[in-house]
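Undergrad: pasted the sequence and its predicted model underneath.
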Amino acid sequence: MSKSPQKPDPDRHGQQRIRRATLTGITTLAVRGVSTGASLLSIPLTAHYLGTERFGLWLTLSMLLNWVSLTDLGLANSLTNVLSSDRPDSQQTKQAVSSAFWLMVGLAIALTLTFFTLYPWVRWDRLFNVTSAQAKSEVGWAAIAFFVGFILRLPLSVAGRIYTAYQEGYFYQAWGGLSSLASVVALVVAIQFRVGLPQLVMVFFGTSLLGDLLATLHVFGWRWRSLRPQLSAFNPKQAKWLLKVGLQFWVIQISSIIFFQTDLIIVAQLFGAEKVATYGTVLKLFTLLGTIQTAFLFPLWPAYSEAFARKDVSWIIQTFRKTIVLTLLWSISTGVILAVFTNEIISFWLNQTVAIDASLIPAMFVTTVLLALGHCLGTLLNGMGIIKSQVIFGLAGGVANIVLSIALGHLLGVAGICWATAICLLIFPIGIIGIHTLKILQKLKSDSKLINSH
C-alpha cells in the first residue's frame, strides 16, 4: 500500500525561517561589532588628523557612501524578492541574476560618463561648504576618490543579495568583517604616511570593497556557480520586470535617503562644516542602536517573502508582533542610557571635551525610537512585495522632512533638523503607513481563516 504524500508542515518551515534569520542575525551582530569598532576607531583617528572642517567633509562623504543603493534603480531589492520565492537552480533565477548584474554594469558606465562630464562644472568647495585653503584644494579630488569606490559597489552588490535571498547572509557578513578590519589597518598606515584627504578616502573606502569582492568570488566561483552572470542569459523581459518593480523600491530608497541621509547636508548649508562634525558624531552614536536592531531584522525580509509565497499568514503576523515588542524594549532602554551619558561617551570616544547642544540629545533619542519602528514596518512590507503605500507616503514624508528641517533649523538651531525628522517619521511611516499595514494584516488574517474553513 503506497504512502500518501506528506503535507507541508508550516510550523517546521516557520522554525527554519527563524533559525536562519537568527543565525544571520548573530553573525551580523558579531561582524557589525567588528565593523562598528572599526568605525568608532576611525572617528578619533580622522578627527585628530584632519581637523574640524576636513573631518566634517570626511563624515559627509562617509554618509554619502550609503547612497550607493540609490543608484541601482531598486534592482537589488527587486532581485531579492524574485530569488526568495524561487529555487536557486531554476532558469528564471539564472536569468534574473544575469539580467540584474548586466543592468547594473550598464548603470555604472552611464553614471561614470555623467560624473566626469559634469565634474569640471561643479564648485565642490561650495557644494560641501568648506572655507579653508587646504579643504578647498582637496575637496574635488576627494570627490573623485569617493566616486570610484562608490561606483564599483554597484555590480558587486549582486552577490550580497543572493546570500540575503537564500537566508545565508552570514557568509556576506563574514566577508564584510574582514573588509572592515582591512579598512582600519589601511587607515592607520595612511595616516602614518601623512597622506592627504583624497588618498585617505581612496584607501579607506577602497578597502571596504574587499568584502563585496570576496562575496562575489565565493558566490559565483564556488557556492552558486550556476548563477554566474552571463551575457547570453540576459533576458529583456526579466530585465523589464526587475526595472518595473525596482523603480518602486527606488522611490522608497529616495524617500529613505531624504529622510535619514540629508541631515548632515542641511546642517552644513545652514551652520557650516564645523557643526557637521558635532551633529555627525552624535548621529553615529545613536545609529548604533539601529545597527544592532537591523542585524536581526533585515534577515526577516526574505523570510517574510518566502512565508508570503506559501501563504503562511499566521507566522507573518506572529513574527511581526514580536519584532515590534522587542524593538520598543531595545530602542527605548538602550536609547535612554545613551541619552543620559552622551557627553561622557563622546568625550571618552574622541579623547577630548566636546560641546554638544543639550537640545539635540532628546531629539536624537525620539528619532531613533521612531526609526526603529519604521524599520519593522518597512521590512514586513518589502518582504510581502507591498510597496505602493511606501512609494506614495514615503516620498511625501521625505519632501516634507526637507522643508520642515530647514524651517525648524532656522527656528531651533541644529536640534530643529533632528526634530523635523522625528515629526515626519511619526506622521508618515509610523502613522499613515502603520495604519495601512494593520489593515493589510487584518485582511490577510480574515482571508486565511476563510480559506481554512473550506
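TA: Perfect, thanks for sending it.
Undergrad: so who does Ile252 touch?
TA: Gly74, Gly378, Ile387, Gln390, Val391, Gly394 (C-beta atoms under 8 Å, 6 or more residues apart in numbering). The C-beta positions use only the backbone N, C-alpha and C, and glycine is treated the same way.
Undergrad: from these, which is closest to Lys439?
TA: Nearest to Lys439, judged by C-beta to C-beta, of the contacts of Ile252 is Gln390 at 14.4 Å.
Undergrad: count residues in the vicinity of that closest one, would you?
TA: Residues near Gln390, counting by other C-beta atoms under 10 Å, number 25.
Undergrad: setting the sequence-adjacent residues aside, check what's closest to it.
TA: Excluding the flanking residues, the one nearest Gln390 by C-beta to C-beta, 6 or more residues apart in numbering is Ile252, at 4.7 Å.
Undergrad: against Ile432, how distant is that neighbour?
TA: Counting by C-beta to C-beta, to the nearest Å, the gap from Ile252 to Ile432 is 14 Å.
Undergrad: do Ser446 as well
TA: Distance of Ser446 to Ile432, given as C-beta to C-beta: 22 Å.
Undergrad: mind giving me the packing neighbours of whichever strand or helix holds Ser99?
TA: Applying DSSP states H and E as the criterion places Ser99 in helix 91-118. When contacts are defined as 3 or more C-beta pairs under 8 Å, 6 or more residues apart in numbering; DSSP states H and E, helix 91-118 packs onto helix 75-84, helix 133-165, helix 236-260.
Undergrad: how many neighbouring residues does the closest residue to Ala295 other than its chain neighbours have?
TA: Spatial nearest neighbour of Ala295, excluding adjacent residues (C-beta to C-beta, 6+ apart): Thr28 at 3.9 Å. Using other C-beta under 10 Å, Thr28 is surrounded by 26 other residues.
Undergrad: circling back: ok, the residue nearest to Gln390 to Ala295 distance?
TA: Taking C-beta to C-beta, one finds Ile252 at 21 Å from Ala295.
Undergrad: which ones are touching Gly169?
TA: Thr24, Thr27, Thr28, Gly160, Tyr163, Phe298, Pro299.
Undergrad: now pLDDT, secondary structure and distance to Leu111 too, for those, in TSV please.
TA: Shown next, in TSV, are the contacts of Gly169 (pLDDT from 0 to 100; DSSP: H, G, I helix; E, B strand; the rest coil; distance: C-beta to C-beta, whole Å):
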residue	pLDDT	secondary structure	distance to Leu111
Thr24	73	helix	30
Thr27	73	helix	32
Thr28	71	helix	29
Gly160	87	helix	19
Tyr163	88	helix	25
Phe298	81	coil	26
Pro299	83	coil	30
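Undergrad: quick one: buried ones out of the residues you listed?
TA: Thr24, Thr27, Thr28, Gly160, Tyr163, Phe298, Pro299 (16 or more other C-beta atoms under 10 Å).
Undergrad: next one: phi and psi at the spatially closest residue to Gln95 that is not a sequence neighbour?
TA: Excluding the flanking residues, the one nearest Gln95 by C-beta to C-beta, 6+ apart is Asn235, at 4.1 Å. Dihedral pair for Asn235: phi -110, psi 110, per degrees, to the nearest 10.
Undergrad: neighbours of His218, how many?
TA: Every residue meeting other C-beta under 10 Å relative to His218 is counted, giving 17.
Undergrad: pLDDT score for it?
TA: The model reports His218 with a pLDDT of 90.
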